[in-house]
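Peer 1: model the structure of this input:
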Amino acid sequence: MAYLLAIVEKFKFKTMKKKYSIFFVLIITLSVVQNAFAQNNQWSATDKFRNCMTSMKSTNDELTRFNYAMNYFLTEHATTIQLQDACHYLYSDQKKYELCVAAYPNIIDKDHFFSIYDSFSKFSWAIKLYHNTQEKQQWEVMETDYQLNVEEDNNAIYDLLIQKGDMLLSNNQFDEALLIYQQALEIKPSDQDVKDKINNVASIQEELAAIIEAENQLNSQFDSYIQQGDVLLSSNKVDEAIAMYEQAMNLKPGDQVAYERIKEANHWKMEISNMVEEENQKWTQYDFLMQKGDILVSSNKFDDAIQVFQQASSIFPSEQMPYIKIEEAIRLKQELANANSICTTSDIEFNHIKTSIDDQSFADDQIEMAKKHIQKKCFTIEQMKEIIPIFSMDDDKLEMIKYMYEYSYQQNRFYEFRGLLTFNSTQKELDEFLVGK
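Peer 2: Residues are numbered from 1 along each chain as shown. As a prediction, this is how the structure comes out:
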């Protein structure tokens, strides 16, 4: 402000000396102020557009984006490029169309407005936008330049009506075009051109209907391929889904929907391939650990085996086999510990015991002698199996087997005694005895 006052004072001084008008000074001052405000407004408009784009990028909701854009373009002068940037964040051609129609009056470079048509996925929306913006403006200018007046030359009125009818016809406003042509015919009833135009309205309307029907059928087939592809993709039938999307793309080579679907399907195919490869690697590692654990168990390295089975379980926690193997390793470890803590009978000593049992004259004496030795819990399961054949009767054998069971640390192997019994009845009785235990 001090700078402006200095300018005024300077000009006042000069005007007093050179007798200039004070109004010239005021004009110069006002020009400086206007330039300053214009520069501020320019920066303000740029900031507003940046804020608008930032707001649109901050949300994925298209309606919210649309509202942000409308609030800006309805109140601010903008360029076609700015409008294109806003349309980039709108998916629906309907919303793009509504925004462009609303923004058109404030577009400052209307000569470049044609470039906005590339923002639409369907050409019909671009045509519709043209009819309701640039073409409409041309017609409004024409009507302004050529106001219809019954006192004007009939030829000028006729030409204007023909041009207006042609514009309406190009905008697919058939009834309105027909009405205008009829007005022109009233001026020149014998003119063949206007008669031909009237006759052509119906044929053009039919052609348009056929084009629209063909486009609808194309869109329907396109949507069907896309939907079938989506269903196949949801079932992980990726190759079949891609084939459907490619058929859709053949119908509309420039459509982004089919392209994005194919891109997504190929990405999903790669992910599935990676998942399968990873799963196969996990199963390979799992099988290796299970086999390693079995080898360690067979070598009586139970603690190491348990650790290996636990590693296998961590790969596939839902698999039950590692838990079963761990329990078995724990049981075998305990059995081995029990076996190492009990007494044993050497082969020489065992042969002497068998002889002493066999030398008894009567079965009862043999049974009594055998029980005395069995009570010491010094026989292995193999040694017990060698004692049983000393007895000739199945009943005596069964009695001894039941007695041995109570003094053995390997009770889980007593099913092996079944083959030492002669009759099915005693075998069955042994089975029932073991089941009951």
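Peer 1: which of the residues in the one helix or strand D304 maps to are buried?
Peer 2: For D304, the host element (DSSP states H and E) is helix 302-315. Buried residues in helix 302-315, defined by neighbour count with 16 or more other C-beta atoms under 10 Å: F302, D304, A305, I306, V308, F309, Q311, A312, S313. C-beta here means a position set from N, CA and C on the backbone, and glycine is covered the same way.
Peer 1: now swap in stretch 99-115 and tell me
Peer 2: L99, C100, A103, Y104, I107, F113.
Peer 1: next up, the contacts around the third one.
Peer 2: In this case it means A103. F73, L74, A78, L83 (C-beta atoms under 8 Å, 6 or more residues apart in numbering).
Peer 1: could you export those as CSV, including secondary structure, neighbour count and pLDDT?
Peer 2: What follows is the contacts of A103, written out as CSV (DSSP: H, G, I helix; E, B strand; the rest coil; neighbours: other C-beta atoms under 10 Å; pLDDT from 0 to 100):
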residue, secondary structure, neighbour count, pLDDT
F73, helix, 23, 92
L74, coil, 12, 93
A78, strand, 21, 88
L83, helix, 25, 93
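Peer 1: now for those residues, which pair is the farthest apart?
Peer 2: Using C-beta to C-beta, the two most remote members of the contacts of A103 are L74 and L83, lying 12.1 Å apart.
Peer 1: helix, strand or coil for the residue of the chain positioned farthest from its centre?
Peer 2: Distance to the chain centre peaks in the chain at S361, reaching 87.5 Å (criterion: C-alpha atoms, centre = their mean). S361 carries the three-state label coil when classified by DSSP: H, G, I helix; E, B strand; the rest coil.
Peer 1: and the helix or strand harbouring K48, average pLDDT?
Peer 2: If you go by DSSP H and E, K48 is part of helix 22-57. Averaged across helix 22-57, pLDDT comes to 61.
Peer 1: before we move on, back to that, contacting residues around the helix holding D304?
Peer 2: 282, 285-286, 289-290, 292-294, 296-297, 319, 322-323, 325-326, 329-330, 332-333, 336.
Peer 1: export the strand or helix carrying D365 to CSV, keeping only CA atoms.
Peer 2: For D365, the enclosing helix or strand under DSSP H and E is helix 363-374. What follows is helix 363-374, C-alpha atoms only, in CSV (Å, rounded to 0.1, in the frame of the first residue of the first chain):
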residue,chain,number,x,y,z
ALA,A,363,1.2,-131.0,34.0
ASP,A,364,0.2,-129.4,37.3
ASP,A,365,3.8,-129.7,38.5
GLN,A,366,5.1,-128.2,35.3
ILE,A,367,2.6,-125.2,35.7
GLU,A,368,3.7,-124.7,39.3
MET,A,369,7.4,-124.8,38.3
ALA,A,370,6.9,-122.4,35.4
LYS,A,371,5.0,-119.9,37.5
LYS,A,372,7.8,-119.7,40.0
HIS,A,373,10.3,-118.7,37.3
ILE,A,374,7.8,-116.3,35.6
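Peer 1: contacts for it?
Peer 2: 353, 356-358, 360, 379, 384, 387, 390-393, 396, 399-400, 403-404, 407.
Peer 1: in PyMOL, select just the buried ones from these.
Peer 2: Buried subset of the contacts of helix 363-374, written as a PyMOL selection, criterion 16+ other C-beta under 10 Å:
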select buried, resi 353+357+379+384+387+390+391+396+399+400+403+404+407
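Peer 1: quick one, phi/psi of E76?
Peer 2: phi -120, psi 150 (degrees, to the nearest 10).
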